[in-house]
Every structure is written in C-alpha cells, then in structure tokens.
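Student: Got a predicted model here, sequence first, then my questions.
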Amino acid sequence: MDDQPISRRVSAIAAAKPFELLFGFFNEFDYAERRQRPGVLDFTFGDPHEMPSHAYVDALAASLTPENELWFAYKQNEPLAREAAAASLRRVIDLPFEADDIHLTTGGFAAIALAMKAVADPGDEVIYSLPPWFLYEALVLEAGLMPVKVRIDPATFDLDIDAIANAITPRTRVVIVCTPNNPTGRIYPAQTLERLATVLDEASTRIGRRVYLLSDEPYQRIVYDGGSPRSPLQFYPYSFLAYSYGKTLLAPGQRMSYLALPPTMPDRPAMRDAIQTLQIATGWVYPNAVLQHALPRLEELCFDIALFQRKRDRMVDALREIGYRVKRPEGSFYLFPESPIPDDGAFANILAELGVLVMPGRMFETPGFFRISLTATLETIEASLPRFAAAFAHATATAGAS
Ligand SMILES: Cc1ncc(COP(=O)(O)O)c(C=O)c1O
C-alpha cells in the first residue's frame with residue numbers, strides 16, 4: 001500500500017530550493033518572531049509599514065454598500081472593473097487594450113499561474129532569469145512545468161538575451177520577464193525588449209511552436225526619475241501581462257490583480273475562453289465582489305512615489321558612503337546591494353544580530369547580494385544606517401582577518 005498522504009507534486013514544490021529557503025526563513029530563522037522584537041528594523045518583505053490612506057479605506061467602504069441585489073452575487077469579471085483597468089492600462093502602455101481582455105484575479109500569483117496553464121502542457125519548459133521573484137518556481141512546478149533558469153548580466157542587471165536564446169529547446173513554451181524588476185529594480189531598455197522579441201519569434205519558427213512571453217509587471221507604476229518604461233507587450237504580440245494592485249496600493253493582503261492580453265495577440269477569443277475556463281477550474285480565482293466594485297476608485301490611487309524616491313536616494317547614497325556596492329534602482333521598491341563578504345547568508349545574520357532584517361541573495365538563487373525593501377519608513381532607514389555601517393565594518397574586518 002502506498003500510504004504517502006501528500007501528492008508527489010506538492011512534495012516536489014515544497015522540496016524546491018527557493019520554497020525551502022522561504023520556509024527556512026520563517027521556521028529556522030523565525031522571521032515572524034524576530035520582526036516583533038523591540039528595536040528591530042525590518043527590510044524584508046514588500047509589506048506596508050504605515051497605515052493605509054483614507055482614500056483607500058474609503059474606496060473599500062463605499063463598495064460595501066450594496067446598490068442592487070446582485071452586489072454580492074458570484075463574481076467573474078465585472079464589466080465596470082474591467083473597463084476601469086483597461087482604460088488605465090491604455091494610458092500606461094500605449095496600446096488599445098480592450099475590457100474583455102482583462103481577467104481579474106486573486107493577486108499576481110493567480111495571474112501568472114493562469115497564463116502558464118493556458119498555453120503550456122505538463123513537461124513544457126518555462127524560462128526565467130535569476131535573480132527571480134522567489135515564487136516563480138513553485139508556480140511553474142504546480143502547473144506541472146519545468147523551470148529553466150538563466151542569469152542576468154551581473155554588471156548591468158539587464159537581461160542576458162543570448163543566455164535566453166541558448167536556453168530555448170523544443171519544449172520551451174513560456175519566457176517570464178519582470179520589469180521593473182524585483183529584486184534588482186532594473187527597468188529593461190527598449191533595445192533589450194526588442195532583441196528579446198526577435199529571439200522569441202525566430203525560436204518559435206525554428207521549433208515549430210509558439211513561445212509565449214509572460215510579462216510580470218506588478219511594479220509597472222513604481223518608477224523613479226520621471227521614467228516611462230516600455231512594456232514587453234509593445235514588442236511581442238504573443239505576450240501576457242500580469243499586473244497586481246497589491247504593490248501600487250501597498251495592500252498586498254487585498255488580493256486584486258489581473259491578467260491582460262494585448263490587442264495585438266492573435267487568436268484572442270480562444271485565449272479569453274481558455275483563461276475563463278481556467279479561472280473557474282482552478283478554484284474560482286476571481287477577486288471578491290467588494291474589491292471588484294472598488295476597482296474604478298482604486299485605479300485612481302497610488303502611494304507617494306516621490307517619497308519612495310527620496311527613500312531610495314537616502315539609502316543608496318548612505319550605503320555607498322559606507323562602502324557598499326549598490327545600483328540605484330530605476331523602479332520597484334527594492335535595492336539589491338552586493339554583500340561585503342561572499343557569504344550573503346552569514347552577512348544577513350550579522351545584520352540580524354544588529355537588529356536589521358534583510359533577505360540574503362541566496363533566497364533569490366543569487367549569492368553575494370542581499371535585498372532591502374524600501375517599504376520601510378524614512379525613520380527606519382535613518383535608524384538603520386549606523387547598523388549597516390557596523391555590519392560592514394564587522395564583516396570586512398572578519399574577512400580580512402581570516
Ligand atoms: C515580481 C512579482 N511578481 C508577482 C508577485 C505577486 O504579487 P501578488 O502579491 O499580488 O500576488 C510579486 C509579489 O511580491 C512580485 O514581486
């Protein structure tokens with residue numbers, strides 16, 4: 001008798017390195033307990049550190065009051081919510097998005113999973129670049145797919161298009177790109193996205209099967225220095241866009257996001273039907289009614305980007321002054337500095353001893369770096385700087401002595 005209660009698929013997800021490291025962060029490192037300790041400064045997850053805005057709470061409260069008897073009925077894609085999302089997407093990305101191509105989901109997680117499952121069959125390969133968002137692998141495995149990882153260019157944090165081209169095989173079905181990037185903060189330049197589109201087009205012809213691009217853009221509106229990034233969708237029509245309100249509104253616990261198809265995608269009616277089928281079959285992954293009713297008002301809100309830019313600049317300048325090597329992110333709300341010693345896990349522990357919590361680069365399969373989330377307040381950033389200096393001095397002195 002096979003008395004193994006847990007499916008092999010779930011066991012494989014739990015055993016995957018990034019997932020194991022994430023669990024380890026909560027279990028062995030005991031993150032949940034540590035972050036509560038007095039005086040601890042937390043730079044780990046992209047969680048809010050301040051109370052939500054009144055405008056945000058008001059938008060949700062207004063949507064609680066029913067306007068008709070179907071207000072809290074089963075929701076799929078509410079037309080008003082879809083139209084508001086499409087209108088805003090038309091402003092952000094210069095393409096005539098249609099409301100019917102917006103598929104509302106319970107967070108970016110669901111949008112990514114739906115896109116992959118809509119086009120890939122078990123055993124197909126999904127390529128993404130390291131450092132990745134640490135849950136791509138879990139979503140890829142859960143869909144029965146194979147993760148294929150390539151490195152970015154460490155000097156520029158830009159995509160390595162040749163590495164992606166070389167990783168494509170006859171089983172490749174999806175390439176995931178995240179810009180503005182978590183964790184590097186890099187926005188991929190138009191020339192890079194153009195080259196990627198050419199490579200994917202040529203590869204599709206060569207292998208006789210379309211390779212789809214999944215553009216994971218939860219940080220699409222979190223851009224500094226007045227930049228206006230191009231979306232991969234503008235270069236390659238066989239693309240999906242995963243967007244999440246959790247970042248723009250700093251409310252990741254309110255699971256609101258969507259998967260959008262560009263108006264340039266061929267065979268859109270079939271793709272719409274496939275996604276609709278999956279949304280039901282994977283567990284009715286539509287956002288709750290309150291969030292859908294609130295979406296037109298939520299679309300008008302965003303956290304204070306200018307404040308985040310000040311936080312970015314203060315942190316980058318101060319870290320550089322201490323001696324850290326760190327690039328100034330162009331978007332998203334993370335910094336990805338180099339660890340002053342090769343063992344980023346040991347360095348994160350030195351910081352933790354000083355009451356500063358960061359994420360070691362190995363959690364992003366990129367040793368030698370660590371991640372800082374700028375969702376921490378300016379006060380937290382100021383308080384942390386002497387500790388970052390002490391950790392740097394301690395780590396480099398110990399490394400020098402050994
Ligand atoms: C790059 C990236 N993609 C997707 C997600 C998932 O977003 P959500 O919390 O809305 O599901 C995140 C969240 O941190 C992310 O950083």
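Tutor: Okay, I see it. Numbers count the residues shown, from 1 in each chain.
Student: The helix or strand encompassing Asp162: what's the following helix or strand?
Tutor: When elements are assigned from DSSP states H and E, Asp162 belongs to helix 161-167. As assigned by DSSP H and E, the chain's next helix or strand after helix 161-167 is strand 172-178.
Student: any residues touching that next one, and which ones?
Tutor: For strand 172-178, the surrounding residues in contact (CB atoms under 8 Å, 6 or more residues apart in numbering) are 112, 115-116, 119-121, 124-129, 132-133, 136, 145, 148, 159, 164, 188, 193, 196, 200, 203, 207, 209, 211-217, 219, 232. Placement of C-beta: from N, CA and C, glycine included.
Student: Report the buried members of those residues.
Tutor: Among these, those classed as buried by 16 or more other CB atoms under 10 Å are 112, 115-116, 119-120, 124-129, 132-133, 136, 145, 148, 159, 164, 188, 193, 196, 200, 203, 211-217, 219, 232.
Student: Work out the gap between stretch 211-231 and the centre of the chain.
Tutor: Put simply, stretch 211-231 sits 11 Å off its chain's centre (CA atoms, centre = their mean, to the nearest Å).
Student: go on, stretch 289-297?
Tutor: So, by CA atoms, centre = their mean, the centroid of stretch 289-297 is 22 Å from its chain's centroid.
Student: All the strands of the stretch 251-400 of the chain, in order from the start?
Tutor: For the stretch 251-400 of the chain, the strands defined by DSSP state E, counting those that start in this stretch occupy 257-260, 334-335, 356-357, 359-360, 370-373.
Student: what lines up beside the second one in the sheet?
Tutor: For strand 334-335, sheet partners with direction are given as strand 370-373 (antiparallel), following DSSP bridges.
Student: chain center to the strand it pairs with, what's the gap?
Tutor: Relative to where its chain is centred, strand 370-373 has its mean C-alpha point 14 Å off (CA atoms, centre = their mean).
Student: Is any residue of that strand near the ligand?
Tutor: No - using CB under 6 Å from any ligand atom, strand 370-373 never reaches the ligand; the gap is at least 9.7 Å.
Student: Stretch 100-113 too?
Tutor: Yes - Stretch 100-113 lies within reach of the ligand by CB under 6 Å from any ligand atom, at Gly107, Gly108, Phe109.
Student: If you count neighbours, what's buried in that stretch?
Tutor: 101-113.
Student: Out of the residues you listed, list just those in helices.
Tutor: Gly107, Gly108, Phe109, Ala110, Ala111, Ile112, Ala113 (DSSP state H).
Student: picking up where we left off before, which pair in the buried residues of stretch 100-113 spans the largest distance?
Tutor: Asp101 and Phe109 (19.9 Å; CB to CB).
Student: Can you tell me, leaving aside adjacent residues, what's nearest to Met116?
Tutor: Ala143 (5.0 Å; CB to CB, 6 or more residues apart in numbering).
Student: quick one, domains of this structure?
Tutor: 8-51+304-401, 54-298 (automatic domain parsing).
Student: would JSON lines of those with distance to Asp2 and mean pLDDT be doable?
Tutor: As requested, the domains of the chain are exported to JSON lines (distance: least, CB to CB, whole Å; pLDDT from 0 to 100):
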{"stretch": "domain 8-51+304-401", "distance to Asp2": "10", "mean pLDDT": "95"}
{"stretch": "domain 54-298", "distance to Asp2": "20", "mean pLDDT": "97"}
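Student: among these, which is the most enclosed?
Tutor: Sort those by mean neighbour count, taking mean count of other CB atoms under 10 Å, and domain 54-298 sits at the top with a mean of 19.
Student: Show me what from the chain comes close to the ligand.
Tutor: Counting by CB under 6 Å from any ligand atom, the residues of the chain near the ligand are 46, 107-109, 133, 178, 182, 216, 218, 244, 246, 252, 257.
Student: related to what we said a few turns ago, just checking, what packs against the helix holding Asp162?
Tutor: strand 125-130, strand 146-151, helix 190-207 (3 or more CB pairs under 8 Å, 6 or more residues apart in numbering; DSSP states H and E).
Student: Okay, now the sheet partners of the second one, with direction.
Tutor: Using DSSP bridges, the neighbouring strands of strand 146-151 in the sheet come out as strand 125-130 (parallel).
Student: ok, residues contacting the following helix or strand past the partner strand?
Tutor: Using DSSP H and E, the helix or strand that directly follows strand 125-130 along the chain is helix 136-142. By CB under 8 Å, 6+ apart, the surrounding residues in contact with helix 136-142 are 9, 12-13, 16-19, 109, 112-113, 116, 126, 128, 146-147, 176.
Student: Quickly name whichever of those is closest to Asp153.
Tutor: Using CB to CB, the contacts of helix 136-142 come closest to Asp153 at Tyr128, 14.9 Å.
Student: Thanks again, I'm all set now.
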